[in-house]
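Student: model this:
(2 chains)
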Protein chains: 2
Amino acid sequence: MSQSPSINRRIVLAARPHGEPADSDFRLETGEVPKPGPGQVLLRTVYLSLDPYMRGRMSDAPSYAEPVQVGQPMVGGTVTRVVASNHPDFPVGEWVLAQSGWQDYALSDGAGLLRLGAKPQHPSYSLGVLGMPGFTGYMGLLDIGKPKAGETVVVAAASGAVGAVVGQIAKIHGCKVVGIAGGADKCRYVVDELGFDDCLDHKLPDLAGRLARAVPQGIDVYFENVGGAVFDAVLPLLNPRARVPVCGLISAYNATSQPEGPDRLALLMRTILTKRLTFQGFIIFNEYAHRYGEFRDAMEGLIQQGRIKYREDVVEGLENAPRGLMGLLKGENAGKRIVRVGPDEQPAA
Amino acid sequence: MSQSPSINRRIVLAARPHGEPADSDFRLETGEVPKPGPGQVLLRTVYLSLDPYMRGRMSDAPSYAEPVQVGQPMVGGTVTRVVASNHPDFPVGEWVLAQSGWQDYALSDGAGLLRLGAKPQHPSYSLGVLGMPGFTGYMGLLDIGKPKAGETVVVAAASGAVGAVVGQIAKIHGCKVVGIAGGADKCRYVVDELGFDDCLDHKLPDLAGRLARAVPQGIDVYFENVGGAVFDAVLPLLNPRARVPVCGLISAYNATSQPEGPDRLALLMRTILTKRLTFQGFIIFNEYAHRYGEFRDAMEGLIQQGRIKYREDVVEGLENAPRGLMGLLKGENAGKRIVRVGPDEQPAA
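Tutor: Just a heads-up that it's a prediction; the model follows:
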């Protein structure tokens, strides 16, 4: 079933997953397309972003954001078009960046929307390199990681939407950049296309030993978006005064219990002390919303100059969004994963 | 045996301790008093500082500083007097802050010495509130902790040389300050003399529950110099965007193995992420040496105005320094622990 002008499909959270999400945790529902009231616009979803943080919203554990309620549509960033409008700032046909979630249509009073114009060159980029993931990589690296020319930067999930930006920006700042990714294809892409100095496949044995050999000068900035075995390999290699922006921990999102001991919490604290490390967690739109314009200007310029490469991994059809997210959490994606929910132009009724 | 003009007593590291240091890890040796060569001064120790970091120097585990070699004198900050001089900047009789270690006499070419003048008001203060511990508390709190008026600051080892400064400076900056200390006497001192809002005895049961009730608004700054059970009680109470200067981990210095599981390393990383915390380790004279003058001016002013209280815990005699350090690591001290090694004025030969 593809997008229709008269039916609103939505994917709701059917149950809270235990460990990895399963098909049964999602449910596709259909309903009427809502009508905009005074001051409202009706948005039609063209692209939906799939991102690792969505796994967190499916759980009711305390986190930085409210969980999705069971029975409610999954949340998510979207690139949409205005199909009906009672709002002077959003004429029909306009492209709009929204947070309308896993559904074909949504109403908005304009709050939190970002206008992308009538004919944006790459509308979907606003979900990736020009949107939340790109902004996260850019600000986390520069504002927390503070890379200096000649320093060594290590980036996990290097081929992902965030990691690819972190590594390329670090290269532009004169750093030696080593990526870590899952599989030979991803690693080739990271080195050959994105221009990292090196990339290690975490699926091969002895990541710790290979990483130690790849960073003979130690690690000055580790951009953390993975956790787990990758972090364990990185920790002993951190240089004095190294910086660790903590952006995500995808390897642990499906965890259902704490790993067995020994308890290394004190080891981490001791390493922070003796090496005078900085660990700083951040949530991009909480900490840096006021700098989004500055980021977007800089990144658009870098893309136009060909200095930042970007690759999308497009899942076709809203009904495939659940499988798309499950695969993303396993690292199956090649580049920024988005869902093509509907065509650029509204189909005839 | 007390200090003599003709004999140099020194306490050397006899063996590397396994767990808590024991008497047998130290050895008192005697030798000749050295003679200053060209450009050198001979320093006589009046006070020796005892500090928790010394436990680390007794081990050969990797740390931020070289370990003491077995057979060599224990390291330590000292307040000394010049007894012979071939150096124009250091006339005989001058008081000098040095790093001459656990011994009566030492030579120096002047590097790293700080002149305290001919008649300093409180020469020993340069080992505490005006020296490394005070500087550590002051800079760690203000530069990393960044306390804002109305925020809640929690300080472990609150009656110690560092903690007492942290809490008093936080009060001056308009914070609510809760200390944690070992025993009713120390807690009374922290509240009644130092002016903290509250102080919890970590030797009583249910520290976690009592701390939660003492900080109904959560914790914005936790000055970490203890680790262990105190940190475990603090971690769940940290507010979003809280700052944790990591200055010391005295509870773990005698540990011989990692605690049993579960492994909470990932839990700590997840908390850093979801609460957007900052953890930053620092070693005061590595990171902040260039700001010592600024600190000293500010702190001398605050002491003169009576806004900073300070208490010393004096161990009599160099031979008692080992027991003094062992007791310090168990929290037996009441205030900054120093050793009176020799009299203010040189005894007659």
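Student: ok, how many other residues are close to residue A:247?
Tutor: 30 (other CB atoms under 10 Å in any protein chain shown). For the C-beta atoms, the positions are set from N, CA and C on the backbone; glycine is no exception.
Student: quick one: contacts for it?
Tutor: Residue A:247 makes contact with A:136-137, A:140, A:162, A:223-225, A:281-282, B:273, according to CB atoms under 8 Å, 6 or more residues apart in numbering or on different chains.
Student: Please, where are all the strands along the stretch 51-200 of chain A?
Tutor: A:78-85, A:95-98, A:105-108, A:114-117, A:152-155, A:176-181, A:198-201 (DSSP state E, counting those that start in this stretch).
Student: Make CSV out of these and add mean neighbour count and distance to residue A:15.
Tutor: Below are those laid out as CSV (neighbours: other CB atoms under 10 Å in any protein chain shown; distance: least, CB to CB, whole Å):
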stretch, mean neighbour count, distance to residue A:15
strand A:78-85, 23, 24
strand A:95-98, 22, 26
strand A:105-108, 20, 23
strand A:114-117, 15, 33
strand A:152-155, 29, 34
strand A:176-181, 27, 32
strand A:198-201, 22, 35
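Student: Export those as TSV, with columns for distance to chain B.
Tutor: As requested, the strands of the stretch 51-200 of chain A are arranged in TSV below (distance: least, CB to the nearest CB, whole Å):
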stretch	distance to chain B
strand A:78-85	24
strand A:95-98	24
strand A:105-108	27
strand A:114-117	23
strand A:152-155	16
strand A:176-181	16
strand A:198-201	21
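Student: Worst mean pLDDT among these?
Tutor: In terms of average pLDDT, strand A:114-117 trails the rest of the strands of the stretch 51-200 of chain A, at a mean of 89.
Student: Can you give the distance of it from its chain's centre?
Tutor: Here strand A:114-117 is found 20 Å from its chain centre; the criterion is CA atoms, centre = their mean, to the nearest Å.
Student: Report the distance from the host helix or strand of residue A:221 to the chain centre.
Tutor: Using DSSP states H and E, residue A:221 sits in strand A:219-223. Relative to the mean C-alpha coordinate of its chain, strand A:219-223 is positioned 19 Å out (CA atoms, centre = their mean).
Student: and if you look at stretch A:89-103?
Tutor: 20 Å.
Student: thinking again about what came up before, ok, so of the contacts of residue A:247, who is nearest residue A:335?
Tutor: The closest of the contacts of residue A:247 to residue A:335 turns out to be residue A:162 (CB to CB; 11.6 Å).
Student: what number of residues lie near that closest one?
Tutor: Residue A:162: 30 neighbours (other CB under 10 Å).
Student: With residue A:24 instead?
Tutor: Around residue A:24 there are 10 residues (other CB under 10 Å).
Student: wait, doesn't it sit right on residue A:16?
Tutor: No: with contact defined as CB atoms under 8 Å, residue A:24 does not count as touching residue A:16 (11.2 Å).
Student: Check the gap between the closest residue to chain B within the stretch 151-300 of chain A and residue A:272 for me.
Tutor: Chain B sits closest to residue A:261 of the stretch 151-300 of chain A, with a gap of 1.6 Å, by CB to the nearest CB. Distance, residue A:261 to residue A:272, by CB to CB, to the nearest Å: 20 Å.
Student: Please identify which of the two sits among more neighbours.
Tutor: More neighbours surround residue A:272 than the other of residue A:261 and residue A:272, with 25 against 13 (other CB under 10 Å).
Student: I'd like the distance between the more buried one and residue B:342.
Tutor: 39 Å.
Student: Residue A:321 too?
Tutor: Counting by CB to CB, the gap from residue A:321 to residue B:342 is 78 Å.
Student: so what pLDDT did the closest residue to residue A:85 other than its chain neighbours get?
Tutor: Nearest residue to residue A:85 in three dimensions, chain neighbours excluded: residue A:41, at 4.6 Å (CB to CB, 6 or more residues apart in numbering or on different chains). pLDDT, residue A:41: 96.
Student: Verify the stated contact: residue A:249 with residue A:281.
Tutor: No: checked against CB under 8 Å, the pair residue A:249 and residue A:281 is beyond contact range at 9.8 Å.
Student: Mind checking which of the two has more residues around it?
Tutor: Taking other CB under 10 Å, residue A:249 and residue A:281 do not tie; residue A:281 has more neighbours (28 against 24).
Student: Does that one touch residue A:248 like I think?
Tutor: No: using CB under 8 Å, residue A:281 is not in contact with residue A:248, being 9.7 Å away.
Student: which residues do those two both contact?
Tutor: residue B:273.
Student: In chain A, what helix or strand scores lowest on average pLDDT?
Tutor: Ranked by mean pLDDT, DSSP states H and E, the helix or strand of chain A with the weakest confidence is helix A:284-287, at a mean of 80.
Student: thinking again about what came up before, dump the strands of the stretch 51-200 of chain A into JSON lines; add distance to residue A:33 as well.
Tutor: Below are those laid out as JSON lines (distance: least, CB to CB, whole Å):
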{"stretch": "strand A:78-85", "distance to residue A:33": "9"}
{"stretch": "strand A:95-98", "distance to residue A:33": "16"}
{"stretch": "strand A:105-108", "distance to residue A:33": "5"}
{"stretch": "strand A:114-117", "distance to residue A:33": "22"}
{"stretch": "strand A:152-155", "distance to residue A:33": "42"}
{"stretch": "strand A:176-181", "distance to residue A:33": "41"}
{"stretch": "strand A:198-201", "distance to residue A:33": "46"}
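Student: helix, strand or coil for residue A:29?
Tutor: Classification of residue A:29 using DSSP: H, G, I helix; E, B strand; the rest coil returns strand.
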